[in-house]
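[1] Could you work out the structure for the sequence below:
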Amino acid sequence: MSESIYIKSPHEIEIMRQAAKIAAGARSAGRQAVKDGLTTKQINKAVHEYIVKNGAKPSCLGYEGFPAAACVSVNEEVIHGIPGRRVVRNGDIVSIDLCATYRGFVGDCAGTYPVGEVSEEAKKLIEVTRQAFFEGIRFAKVGYRIYDIGEAVQAYVESHGFSVVRDFVGHGIGRGMHEAPEVPNYRPERGRPNPRLVKGMTICVEPMVCAGDWHVEILKDGWTVVSVDRSLTAHYENTILITDGEPEILTMADDI
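    This next block holds a predicted model:
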């Protein structure tokens with residue numbers, strides 16, 4: 001990740017809006033494919049086809065060797081699940097994380113969705129994770145600092161008895177999928193860079209929440225991140241733009 005923060009021009013922001021709209025539509029397509037009896041590979045197929053159909057490229061495909069257009073993670077899998085033959089069943093929760101590149105710029109978003117009827121704990125986890133994003137972006141305004149966002153996310157999540165992952169964080173976004181600055185979902189120790197937010201920054205805020213302990217591990221496939229205690233996990237992400245006023249959520253169009 002580059003150390004310098006890339007401030008976007010009005011022209012670049014307009015392209016990012018288009019990239020983000022495609023990413024949001026792809027998330028919606030993936031969500032609609034989350035049904036009992038379908039495989040994670042079929043969910044990925046819906047995402048891939050939507051992105052290509054709309055004139056963009058699936059940024060995740062081939063990124064550092066990742067083999068699919070979307071990360072599809074089930075239950076205790078936090079992020080980076082590789083789509084395959086796994087069948088999702090009623091009671092599961094499925095996280096879909098994807099990026100779309102359009103005219104050289106990237107839109108990135110994620111969400112966690114229930115398969116049929118799920119437990120009350122799973123419902124609460126999904127709701128808290130999503131709302132934590134909105135609690136965080138209350139501070140995504142000019143003059144605040146990056147860690148103000150993370151502190152708000154952490155406080156909200158922990159007030160509901162859940163925990164936030166520390167090993168993976170949000171990030172800047174633009175021509176690259178991952179740009180500076182890092183955007184943690186917690187307040188790190190003092191002494192780490194904590195830049196102020198300025199107009200024209202584009203960042204991804206993405207709470208990753210565990211029902212149990214926040215510690216995670218990477219499976220032998222080198223990608224799939226799971227909760228160490230195998231508790232349920234959820235993920236919610238949008239690409240946002242820092243403006244003169246309230247943040248603009250670029251990937252919000254198709255999220256319901």
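
[2] Tell me the secondary structure of Thr239, please.
    What DSSP: H, G, I helix; E, B strand; the rest coil gives for Thr239 is strand.

[3] check contacts around it.
    By Cβ atoms under 8 Å, 6 or more residues apart in numbering, Thr239 lies in contact with 16, 20, 23, 107-109, 173, 202-204, 249-251. (Each C-beta comes from the backbone N, C-alpha and C, glycine too.)

[4] List the ones among these that fall in strands.
    Among the contacts of Thr239, the ones falling in strands (DSSP state E) are 107-109, 202-204, 249.

[5] By neighbour count, which of these wins?
    Gly107 (33 neighbours; other Cβ atoms under 10 Å).

[6] surely that one meets Met16?
    Yes - here Gly107 reaches Met16: they are 6.7 Å apart, a contact under Cβ atoms under 8 Å.

[7] just the helices in the stretch 51-200 of the chain please.
    Secondary structure of the stretch 51-200 of the chain (DSSP state H, counting those that start in this stretch): helices located at 120-136, 146-159.

[8] Identify each buried residue in the shortest one, please.
    Residues of helix 146-159 classed as buried by neighbour count (16 or more other Cβ atoms under 10 Å): 146-154, 156-158.

[9] for it, packing partners?
    When contacts are defined as 3 or more Cβ pairs under 8 Å, 6 or more residues apart in numbering; DSSP states H and E, helix 146-159 packs onto helix 120-136, strand 163-164, strand 179-183, strand 202-205.

[10] Closest one to Arg187 out of the ones in strands among the contacts of Thr239, please.
    Nearest to Arg187 among the ones in strands among the contacts of Thr239 is Ile203, at 16.3 Å by Cβ to Cβ.
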